[in-house]
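Engineer: Pasting a predicted model and its sequence here:
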Amino acid sequence: MHTKIIFLDVDGTLVDYQGRLPDSARLAVRQARANGHRVYICTGRSRAEIYPFLWEIGLDGMIGGNGSYVEDAGEVILHQMMTAAQCRAVVDWLQARGLPFYLESNSGLYASVDFASGAADAVREYSCRKNGDDGTMTVQQAFPDMIYDGELYRADVNKISFVLRSIQDYEDAAAAFPDLKAGTWGGSGERALFGDLGVKNITKAHAIDTLLNHLHADRADTIAFGDAKVDIPMLKYCAYGVAMGNGGDEIREMADLVTDDVEQDGLLHAFCRLRLI
């Protein structure tokens, strides 16, 4: 088999929605790399949220910030950030509106002083929806390394996430900052729990294209794995797209293959079926 370049979303694909890495996923990645394939994570997380236990799998690199950051073998290939002026304007707007938020930077996650209390309900609801549990997840569990006393006017921010009181907060943010890319997560439409603002014209697909050019690699040898709507451009761009069984309806309907849930060894089963291992 030709060397394949594999792109893995993190939350809901490589790890479960509580951030736990299945042993089967670790085994799948390590065996695929031992067979000569290259494996990258392609995630909405910033580099500060890629904890050592993930790097210890032996990843070749990462795409972060939903495409704003690309790293290969420790070399930064692309890093597009909000300007200091854009960050300041968003921080001031969110504070004036009373919306708890955090800044996503490769150096860390920097929260507004009210985020721990203001995001508690949204985090519990996110846990209920994704994990099917009784909503006991805390903000501390969801964001174990969050920084609450850091500088908020920054020039190293990939994107800014904020709690939604209603979908109107997202719509108003999109209207207030047309120079930034507005999105939602934690649910779709009226059920979204968080909004975010980041660099415009950034997608996981664009970042993969940038990485392939750097590697002098062929798009025909790419395979993407994901579970959410934000992963659809990545699956469409790559030669073959795999949706996790726990994924949403949209991504499962458009994928070339639907594997099992992340917690039911879905990654390992797909790697075996595709003869990566």
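Structural biologist: Right, received. Where do you want to start? Numbering: from 1, shown residues only.
Engineer: outside of the one helix or strand Tyr102 maps to, which residues touch it?
Structural biologist: Applying DSSP states H and E as the criterion places Tyr102 in strand 101-105. Contact partners of strand 101-105, identified using Cβ atoms under 8 Å, 6 or more residues apart in numbering, comprise 45-46, 48-49, 65, 87, 91, 94, 109-112, 115, 143, 146, 152, 154, 156-163. Where C-beta positions appear, they are placed from N, C-alpha and C, glycine not excepted.
Engineer: let's see it at 7 Å
Structural biologist: 46, 48, 65, 94, 109-112, 115, 146, 152, 154, 156-162 (Cβ atoms under 7 Å, 6 or more residues apart in numbering).
Engineer: Counting by contacts, list what the following helix or strand past that strand packs against.
Structural biologist: Going down the chain from strand 101-105, the next helix or strand is strand 108-111, by DSSP H and E. Applying 3 or more Cβ pairs under 7 Å, 6 or more residues apart in numbering; DSSP states H and E, one finds that strand 108-111 makes contact with strand 101-105.
Engineer: Let me see the mean pLDDT of the strand it packs on.
Structural biologist: For strand 101-105, the mean pLDDT works out to 97.
Engineer: got it, and stretch 13-21?
Structural biologist: 91.
Engineer: pLDDT value on the closest residue to Thr43 other than its chain neighbours, please?
Structural biologist: In space, and not counting its chain neighbours, Thr43 is closest to Val10: 4.1 Å by Cβ to Cβ, 6 or more residues apart in numbering. As predicted, Val10 sits at a pLDDT of 96.
Engineer: And Val10, how close does it get to Ala84?
Structural biologist: 28 Å (Cβ to Cβ, to the nearest Å).
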